[in-house]
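> please work out how this folds:
(chains A and B)
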2 protein chains.
Amino acid sequence: MSHYIGVDIGGTNIVCGLLDDQLNLLRKIKKPTGAANGADYVLNLIASMIDELLGQQGLSRSELGAVGMGNPGFVDPIRGISLSSANLKWENVPVSDKLGVILGGIPVFIDNDVRMYTYGEAARGAGRGFDHVMGITLGTGIAAAMVNKGELYYGSGFLAGELGHVPFEGESALCGCGMRGCLETIASATGIARIARERLDQGEPSLLNDWFPGERRSEITAADISRAYDEGDALAQDVLRFVGQSLAKGLAWAITLWSPDVIVIGGGAANAGERLLAPMREALMPLILPMYRSRFVIRLAEMNDDAGVVGSGAFAKARASA
Amino acid sequence: MSHYIGVDIGGTNIVCGLLDDQLNLLRKIKKPTGAANGADYVLNLIASMIDELLGQQGLSRSELGAVGMGNPGFVDPIRGISLSSANLKWENVPVSDKLGVILGGIPVFIDNDVRMYTYGEAARGAGRGFDHVMGITLGTGIAAAMVNKGELYYGSGFLAGELGHVPFEGESALCGCGMRGCLETIASATGIARIARERLDQGEPSLLNDWFPGERRSEITAADISRAYDEGDALAQDVLRFVGQSLAKGLAWAITLWSPDVIVIGGGAANAGERLLAPMREALMPLILPMYRSRFVIRLAEMNDDAGVVGSGAFAKARASA
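Residues are numbered from 1 along each chain as shown, chains lettered A, B, ... in the order given. Below is the predicted model:
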């Protein structure tokens, strides 16, 4: 019976997991990515992490069916190439070929991280049992992916789902993509903290002024806004309401164009939970056709930390058996 | 060698076409739908039109591989049921079963009209040769469909693509769907005429005042706005610019979520051509990521009148051989 490896690689850390044939996560290890050392260093590090996992489990490479990896940035999952990753500073890295050679011929399949997260939640998490699963990650940025009956939706150039990058009228914050006022500048961990800081700069009263006096204001994170919200802070509540309403505007288009059965929301900023989701739901319903309203459910991700690893492993198993 | 029938049914007319095995349209006939007589009447009428086409070509029913039909409204293409059609006043009509029985067992496949139009343009029209084809119809309403490598995108309940029904901020016209300010109230033949009439009602100067004095103002159609545009009429030019810009806002989301290689725009209001598409393109490009901008092309439908018939026939052939 084959085992599978799932790799979730980010700009800061790499998480490698070992899965059995039923896609149960047996064990995982985490190491700093060390992206500054270049792609070859990182891929050799991943190979050593895989060997470490196999050793811990008393397995050899020959008992491995395939390796899957979720990459930040743009990926060609057919050719196994990381086209462009700002976080890793990778351009056109043939990940599947290179890692496959290092591993002595074990098949390696890659895709981008939001698709692997969604694939994992669809297979084993909050999307289990649904035919049409939309995944949203609210982290440093925001992105979306869609799994229909076990198949990822790609579109031309594998570029579908960049939900975070449509500019909103009346918004002007510079986005990492170069445009201004994108949803990502609002509905993301970064966006939540930025909006709160800007309103504090304008002199609005808030507990956050006491918690983060003077220069320390720049340290405020999305988690702090949730903490202030729970203390009844009006600014924090207003910020999360605005972010929820903005997210609703983007989701209205995604629901209308994709028609999901379930929307699985994950990523760090999803820890705000109902503080964010309650105003989002309220704003969302009037923006979509009645026939959609009772059709989908909104769920928080079940495997926040493991979805990328399990999704990558599940994706590798599916691709290897295709 | 099998032949195929494609049927395009609307509230006013039915067009039936006979296609050879290569999906060449050999001949077609058109008759008033007579929807008021009920579904059984309409389905028997379609059967008689099919027999008429076969007779004209010297063929018998046994030489027919399958029948395809594009229905207005919501359709379950798997079970072959017209779930709900406001134009035909149909609710849960088992079209495939009923028409199949009337035709003595010939397989009948149905889908909604915008999907059949897009399928036809993808197979034989302006989308030919592209992997990811987005079809938009600008008629009485506006709707969208997506064909990826020959496969229609459906989503949950076959409801994906209702591009016309997301409300726009600052817009308040009542939409046929019951919501207010939907894209369909602006970017459609009906929307274009409504906006022009409302601005005339507010006393704006325009050639249209001379062409349609007094009560006749209600007769203004989208085609008249194009005619006034060509005479240099400022109101007409402004209306089409506004409609193009609004359409761009909806398309920005569709491009970002679906990632098409080609956008095929058809339907009656697409006759406005560059009068509408030039301002649309100009507004669209700043609303989408640079990586999309050079990826897709925008084309007018090539088979405006025949796309539904050819698409339905092609869909029937594909489903019958699946």
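
> so A:G308 touches A:N112, yeah?
No: using Cβ atoms under 8 Å, A:G308 and A:N112 do not qualify as a contacting pair, with a distance of 10.2 Å. (C-beta placed from N, C-alpha, C; glycine too.)

> show the contacting residues for whatever residue of the stretch 201-322 of chain A ends up closest to chain B.
Residue nearest to chain B within the stretch 201-322 of chain A: A:S259 (2.7 Å; Cβ to the nearest Cβ). A:S259 sits next to A:132, A:292, A:295, B:154-161 when contact means Cβ atoms under 8 Å, 6 or more residues apart in numbering or on different chains.

> let me know the closest of these to B:L88.
The closest of these to B:L88 turns out to be B:F158 (Cβ to Cβ; 17.1 Å).

> roughly how far does that closest one sit from chain A?
Remark: distance between B:F158 and chain A (Cβ to the nearest Cβ, to the nearest Å) = 8 Å.

> could you measure from that residue over to B:G141?
As defined by Cβ to Cβ, to the nearest Å, B:F158 lies at a distance of 17 Å from B:G141.

> next, the residue of chain A most remote from its centre: phi, psi?
The centre of chain A is farthest from one residue, A:G203, which by Cα atoms, centre = their mean lies 33.8 Å away. Note on A:G203: backbone dihedrals following degrees, to the nearest 10 are phi 90, psi 10.

> next one: A:G267
phi 90, psi 160.

> check the residue of the stretch 201-322 of chain A closest to chain B and give its pLDDT.
The predicted structure scores A:S259 at 98 on the pLDDT scale.

> neighbours around the closest residue to it other than its chain neighbours, how many?
Leaving aside its sequence neighbours, A:S259 sits nearest to B:G155 (Cβ to Cβ, 6 or more residues apart in numbering or on different chains; 2.7 Å). Neighbour count of B:G155, defined by other Cβ atoms under 10 Å in any protein chain shown: 26.

> residue contacts, B:G155?
Neighbours of B:G155 in contact, by Cβ under 8 Å, 6+ apart: A:132, A:148, A:258-260, B:161.

> helix or strand for A:S82, which one?
Using DSSP states H and E, A:S82 falls within strand A:81-85.

> can you give the contact residues for the next helix or strand after that strand?
With elements assigned by DSSP H and E, the helix or strand that comes after strand A:81-85 is strand A:90-93. The contact list for strand A:90-93 (Cβ under 8 Å, 6+ apart) reads A:39, A:71, A:73, A:81-85.

> tell me the mean pLDDT for the following helix or strand past strand A:90-93?
Later in the chain than strand A:90-93, the nearest helix or strand by DSSP H and E is helix A:95-102. Here helix A:95-102 scores 98 as its mean pLDDT.

> what residues does the stretch 51-200 of chain A put near chain B?
For the stretch 51-200 of chain A, the contact set with chain B under Cβ under 8 Å from any Cβ of the partner chain comprises A:74, A:131-132, A:144, A:148, A:153-163, A:165-167, A:169, A:177-179.

> change it to 6 Å
Contact residues, the stretch 51-200 of chain A versus chain B (Cβ under 6 Å from any Cβ of the partner chain): A:132, A:155-157, A:159-160, A:162, A:165-167, A:177.

> where along the stretch 1-150 of chain A do the helices fall?
Ranges of helices within the stretch 1-150 of chain A are A:39-57, A:95-102, A:113-124, based on DSSP state H, counting those that start in this stretch.

> of the contacts of strand A:90-93, which is the most crowded?
Neighbour counts for these (other Cβ under 10 Å) peak at A:N71, which has 29 neighbours.

> was I right about that one contacting A:S82?
Yes: between A:N71 and A:S82 there is a contact under Cβ atoms under 6 Å: 5.0 Å.

> burial count for the nearest residue to A:T185 once chain neighbours are set aside?
Residue nearest to A:T185 in three dimensions, not counting chain neighbours: A:A173, with 3.9 Å by Cβ to Cβ, 6+ apart. Per other Cβ under 10 Å, the neighbour tally for A:A173 reads 16.

> what do you get for A:L289?
By other Cβ under 10 Å, the burial measure for A:L289, its neighbour count, is 20.

> so for it, what's the pLDDT?
So A:L289 comes in at 95 (pLDDT).

> show me what contacts it?
Contacts of A:L289 were listed using Cβ atoms under 6 Å, 6 or more residues apart in numbering or on different chains, and they are B:162, B:165, B:177.

> now it. Nearest residue, chain neighbours left out?
Nearest non-adjacent residue to A:L289, counting by Cβ to Cβ, 6+ apart: B:H165, 4.9 Å away.

> same deal with A:D305?
With sequence-adjacent residues excluded and distances taken as Cβ to Cβ, 6+ apart, A:D305 is closest to A:V15, at 7.6 Å.

> okay, that neighbour and A:A322: tell me how far apart.
Taking Cβ to Cβ, one finds A:V15 at 25 Å from A:A322.

> stretch A:169-176: which residues count as buried?
A:173, A:175 (16 or more other Cβ atoms under 10 Å in any protein chain shown).

> picking that back up, tell me what angle the strand holding A:S82 forms with helix A:39-57.
Put simply, strand A:81-85 runs at 120 degrees to helix A:39-57, going by axes from the mean of the first three to the mean of the last three Cα atoms, to 10 degrees.

> could you give the mean pLDDT of strand A:81-85?
In this model, strand A:81-85 has a mean pLDDT of 94.

> swap in stretch A:115-123?
Averaging pLDDT along stretch A:115-123 gives 96.

> so how far is it off the chain centroid?
10 Å (Cα atoms, centre = their mean, to the nearest Å).

> other residues contacting it?
Outside stretch A:115-123, the residues that touch it by Cβ under 6 Å, 6+ apart are A:70, A:127, A:133, A:135, A:137, A:145, A:147, A:152, A:264, A:301, A:307-308, A:310-312, A:314-315.

> now do stretch A:187-194
Contact with stretch A:187-194 is made by A:138-142, A:185, A:220-222, A:225, A:243, A:246-247, A:268-269, as judged by Cβ under 6 Å, 6+ apart.

> if we can go back for a sec, between A:G308 and A:N112, who's got more neighbours?
The neighbour comparison of A:G308 against A:N112 (other Cβ under 10 Å) goes to A:G308, with 32 against 24.

> identify the residues contacting the more buried one.
Neighbouring residues of A:G308 by Cβ under 6 Å, 6+ apart: A:8, A:70, A:113, A:116-117.

> what ranges do the strands span in chain A?
A:3-9, A:13-19, A:25-32, A:64-71, A:74-76, A:81-85, A:90-93, A:108-112, A:132-138, A:142-148, A:151-152, A:262-266, A:297-300 (DSSP state E).

> and those, which is most packed in?
Burial of those is given as mean neighbour count (mean count of other Cβ atoms under 10 Å in any protein chain shown); strand A:132-138 ranks first at a mean of 29.

> what lies in contact with that strand?
Around strand A:132-138, the neighbours that count as contacts under Cβ under 6 Å, 6+ apart are A:114, A:117-118, A:121-122, A:127, A:143-148, A:188, A:258, A:260-267, A:269-270, B:155-156.
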